[in-house]
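Chemist: Whatever this is, show me its structure:
(2 chains)
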Amino acid sequence: MKDSNSNPSPPKLLKRFLQWFCDPNLVKNIEGDLLELFDENVQKNGKWIAKWHFVWDVLKLFRPGIISSKYQGDKLNSYGLFKHNALMTFRRLRKDRLYSILNLLGLSTGIAAFILLFQYIQFENSFDQFHVDSENIYRVNYEYLTSNGTNGFIAGSPPRVTPFMKEQLPEVKSYIRVNGYNASDLMLSSGDAKYVENNGLFVDENFLEFFSFQLIHGDIRTCLTDKFSIVVSESTAKKYFGNKNPIGEKIEITGVPTPFTVTGVAKDVPLNSHIQFDFLMTYEVLNWVWEGEMETWYQLGIHGFVVLEPDVNIDSLSEKFARVFEQERGQVNGDFSQSFSFQSISNIHFRNQLQFELNSEKQEEKATIQFLLIVGYFILIIAWINYINLSTARAIDRAKEVSIRKTLGAYRKQLIAQFILESFIVNLIACFFALLIIFLGSNYFYGITGIELTRNYLFNFSFLEVSISVWILGSIVAGLYPAFIISSFNPSGVIKTGSVTVRSNGLLRKLLVVLQFAASITLIISTAILYKQLAYMKNKDIGFELDNILVVKGPDIDHGRTYIQELSSHSQVLSATISSAIPGKNFRGSIFVNIENQATDMEVFADWSWIDYNYFSTLDINILEGRAFSPEFGTDSLGYVINEETAHLLGYDTLSQIIGKTLTLSDGHSPHKIIGVAENVNHLSSKNAVKPLVMALSDWPVYYVIKFKDDHKAIIESAETLFKSMYPSYAFDSFFLDELYRRQYEEEDRLSNLVTIFSSLAIFIACLGLFGLTSHNTLKRTKEIGIRKVLGASVHSILLLLSKEFMFLVILANVVTWPIIYYFMEDWLSDFAFRISIEAPVFLFSGLIVLLLAYLTVSSITARIARANPTSALRDE
Amino acid sequence: MGKYQLGEFQEIVILTVGVLYGNAYGVSIKKDIEERLNRKVSVGALQAALKRLEQKGLLSSADGESTKTRGGRPKRFFTITVLGKKAIEDTMAVRVDLYNSIPKIAFDLKSAG
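Modeler: The predicted model follows:
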């Protein structure tokens, strides 16, 4: 029954929508089905419900499977294209072998350098973070200021301070005290094993609960409770006890009558901890040996740590504590001010101006780390710029390929995708080679730089993260621009004329080259300045003689002159003496000194040492006024020799006036007359300013200092033989003074090695890029060169013509970077107590070297082309 | 399930095509499933499943004659292929096998803990 009036039809709009998106193969049938359903619905439920259902059905038909593949990236086809592109990449790599190798070489080197540096920096930044709750662990530092301007900033605090803090401040959850100073040069023995140990610590009994050092054997809670317990590290245990479990074994320490019992074995301390130890002893026993001195309010050299409640403001806490402290201890005399501050443990590894650091040799300057990070980024950027330059330069070579693809129907998007894929693949290969380089070179790296980055620290999880990030980032950054350039060619123009007017900017490429060389030059000049500063510091006249001096650790006896006298008869020995402190090692103690009857605000905080006759002559230190200790004067044990700095700080600029004055000392030493003033000497490296020093006479043999003629082997042999015969129960330990002293420059040596290597790498990569660019450019102009030659140009003039452009760029790079480098280097040098001044020759010389290198690179190619026979160039069309 | 990975819905659809032998097209299949299984079937889901089954080679289809109803659009009739028959048999066999392997005790719900 046809009723044209009441013949409803489904919504037109949706019908059209369906017709638009639906797969043409299915659309007719689906429409038919929908119509049929619609009609039934109209009969059953009425017009409106039928329409409603129709709408819903159409909407629900909008799904993959139904949607026409014209609008869906038909997945099957995409896979094929992907494979094809990958294949093309490999083929192209093989075809343009030279460029590929250049590219890969540059990239791999750059990536390897970056990752290596980055890992090193991660390592340095990770110090002390492995302790549970490390964000809340702080060290208490002590700062004081006397009225005459001497101030001290100590990496430690008097022993009673941290326990007091725990009592008085609710924000302090726990405390621990560590002393390493007094645990060096100890002789340990167990059975036949006898060694002099330098790496021990005295600690409170909750040490292993406070810090997260692992215990292999023993109970964390009780291993340091007994006074004479000792916990050894794994390797120390092996040294003394071999492979058997040492728990319960006894270790004797010379100077202590009671033997120590091994109560625990700890895992060897990881490298990234500023607290290092081979064995642990109790704080209780330390205090016992020092007869109560280690539980006072004035002893320094103890490192106190606290755990604070989270989110405590350390500045307000230290203020609060200052008030509490004042109440308890009262005002200290006169204009002497002191304060305590908190330093986060993660910060300790980085060098600051604190004295008595626990492990100052291993500290790094924060600035060094930041500098290395910049070096790393520079190198990576140089490598990426290489890729961009080489790729865009070769864009022209691929014009035909691109044009054909476009003609066959490739969308621009697809082309871009193809070239970005290419970038991903090349970068991936480069990353693999980079990893290979790192893996093979990691040992070598350690040898050259002295950085103990073992495989464990190098290949951890962040290593994977970094590598993948570099790969992805590099692929995108380096691949984007070339991809856009290459895909932009107009196919008809290319195929017709066979050449390409590339819209690509020679300008950008030139800019990038300038950037590359700017980065390289910065690195090179910085290295040069670094080197000069280091050489200066090392060779600076430190005020005493370092060479040919043997130091022997003395036995634990009270009088040591016999050994000196016996040894002096040896032909090699020029002079010998005894001292409690040697250059290159920190002093054992410091005290406050003042002139008798002088105002207390003139007090000076001075280093202290015991020395014997011949000290100054052995080390070749000049006495400026007065005299050194001498056996001719019987009363010399009642006299002090001070250094120039002390005299100066006590207010005596005319040194002769201080001779004969009486010097008073804190810490219970008797006041005596000053009998002589010695010249200032860099006791520690010339990185530090000279500090005041007071010396008294003693033959207590902490160290025997022996100056000998020239035979290193003979002197050690004689010293050892004599020692063993005189003191058989003590271990013989000796070293040469110059080696010890020079070890302080370890860090600077390491830095300069590192920077030299990486600067060379940077320049190498930049030259690689230049090589690639030049060869490409020159090849393009073969015909032009041929014509010029025919017209009479000399090889020389052609060389000049071709190189001119690049040389100019290099010079530009130089000029731009010099002021910047000057500024930053000046800033860095200002931190040193003794420093060189930056002068022009450094810049000129470095710039010249870079220019020369660049010229060599460029000319190696242009020379060949320029000399070629023009007929061959012109013949091949 | 062997080589024939059939989703639950696809299984239902192919079985229904078998049931409606000679008359299996979009609307009829939809209605049959809705009646028999008492569940809603959307045209979109059904069409996608039919297309998928055809791609897998388990169904074949052909247009019928166009009629004056349905606005002149032909119905597309589906039939089970040899491969489809094998698939159904395999699937059924697996189902039965599994069912028979269940120990009596699993259904003895009274004594279940």
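Chemist: how about the helix or strand containing residue A:141: buried residues?
Modeler: Here residue A:141, judged by DSSP states H and E, is contained in strand A:137-145. By 16 or more other C-beta atoms under 10 Å in any protein chain shown, the buried positions in strand A:137-145 come out as A:137, A:138, A:139, A:140, A:141, A:142, A:144. (Each C-beta comes from the backbone N, C-alpha and C, glycine too.)
Chemist: ok, for the residue of chain A found nearest chain B, nearest residue in space, not its chain neighbours?
Modeler: Nearest residue of chain A to chain B, counting by C-beta to the nearest C-beta: residue A:32, 3.2 Å away. Nearest in space to residue A:32, with sequence neighbours left out and distances taken as C-beta to C-beta, 6 or more residues apart in numbering or on different chains, is residue B:73 at 3.2 Å.
Chemist: What ranges does the stretch 551-700 of chain A have for its helices?
Modeler: Secondary structure of the stretch 551-700 of chain A (DSSP state H, counting those that start in this stretch): helices at A:561-568, A:615-619, A:644-649.
Chemist: tell me the most buried of those helices?
Modeler: Among those, ranked by average contacts under mean count of other C-beta atoms under 10 Å in any protein chain shown, first place goes to helix A:644-649 (a mean of 22).
Chemist: Of all the residues in the helix ranked longest in chain A, which ones are buried?
Modeler: Once chain A is assigned using DSSP state H, the helix that runs over the most residues is helix A:412-449. Residues of helix A:412-449 classed as buried by neighbour count (16+ other C-beta under 10 Å): A:414-427, A:429-431, A:433-435, A:437-438, A:442, A:445, A:449.
Chemist: what does stretch A:710-722 give?
Modeler: A:715, A:716, A:718, A:719, A:722.
Chemist: Which residues does it contact?
Modeler: Stretch A:710-722 has contacts (C-beta atoms under 8 Å, 6 or more residues apart in numbering or on different chains) with A:548, A:550, A:552, A:563, A:566-567, A:570, A:572-573, A:704, A:706, A:708, A:732, A:734, A:736.
Chemist: Most neighbours among those residues, please name it.
Modeler: In terms of neighbour count, residue A:706 stands highest of those at 28 neighbours, by other C-beta atoms under 10 Å in any protein chain shown.
Chemist: hang on, the earlier thing: unless I'm mixing things up, the residue nearest to residue A:32 is touching residue A:28, no?
Modeler: Yes - Residue B:73 is within contact range of residue A:28, at 4.9 Å (criterion: C-beta atoms under 8 Å).
Chemist: Pull the helix or strand of chain B with the lowest mean pLDDT out as PDB, backbone CA atoms only.
Modeler: Ranking every helix and strand in chain B by mean pLDDT, DSSP states H and E puts helix B:104-107 at the bottom, with a mean of 80. The C-alpha trace of helix B:104-107 is given here as PDB (Å, rounded to 0.1, in the frame of the first residue of the first chain):
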ATOM      1  CA  LYS B 104      32.400 -34.100  38.900                       C
ATOM      2  CA  ILE B 105      33.500 -32.500  42.100                       C
ATOM      3  CA  ALA B 106      33.800 -29.100  40.500                       C
ATOM      4  CA  PHE B 107      30.000 -29.000  40.100                       C
END
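Chemist: Which is the succeeding secondary structure element to the one helix or strand residue B:62 maps to?
Modeler: Element membership for residue B:62, per DSSP H and E: strand B:59-63. Counting by DSSP H and E, the element after strand B:59-63 in chain order, helix or strand, is strand B:76-80.
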